[in-house]
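Q: I would like the atomic coordinates for the input below:
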Amino acid sequence: MKNLSSRGSCLCGGIKFSTQGLHRHVGNCHCSQCMKTHGNYAAYTMIKDKNIKFFRKKTLTWYKSSRNAKRGFCNKCGASAFFKSINSNDIHISAGLFDKTLKLKTIRNIFTKNKLKYYKLDKRIPRYSRYSYEDKSG
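A: You can find the predicted model right below:
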């Protein structure tokens, strides 16, 4: 976890936000839903809901992708922006939405059994066949 403050937006600017506080280091998710919504694996950081402030969310639409989770996307430019487990106080944010590069590092690959064949995983980064709650990143 890293204490940060940053701003971000989708491609068209219909969703604009700022974050502050502890950000989880980035996890790459290779699950079939991330593959379908991102067109590839997804790279997410995570913060507490109370640590995100929206300046604009006119185009933010939530899609209930399973009985346990929903995904936030921009209904204008199509950016896949957020992932949120139902009844959770955390929000996962697509790492590419931030205006400036965050000083975060990739610490895990999850749902690697779904990884596509055309790319390789960095062997130095831990792999998990399902979700991992560990954050040994310091």
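
Q: which residue is the nearest non-sequential neighbour of S65?
A: In this structure, S65 finds its nearest non-sequential neighbour in R71, 4.9 Å apart by C-beta to C-beta, 6 or more residues apart in numbering. In short, each C-beta sits where N, CA and C put it, glycine included.

Q: got the buried residues for the helix or strand where that neighbour lies?
A: Using DSSP states H and E, R71 maps to strand 69-74. If you call a residue buried by 16 or more other C-beta atoms under 10 Å, then strand 69-74 has these buried ones: 71-74.

Q: could you dump those residues to JSON lines with pLDDT?
A: Below are these laid out as JSON lines (pLDDT from 0 to 100):
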{"residue": "R71", "pLDDT": "96"}
{"residue": "G72", "pLDDT": "97"}
{"residue": "F73", "pLDDT": "97"}
{"residue": "C74", "pLDDT": "98"}
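
Q: which one of those is nearest to T19?
A: G72 (14.1 Å; C-beta to C-beta).
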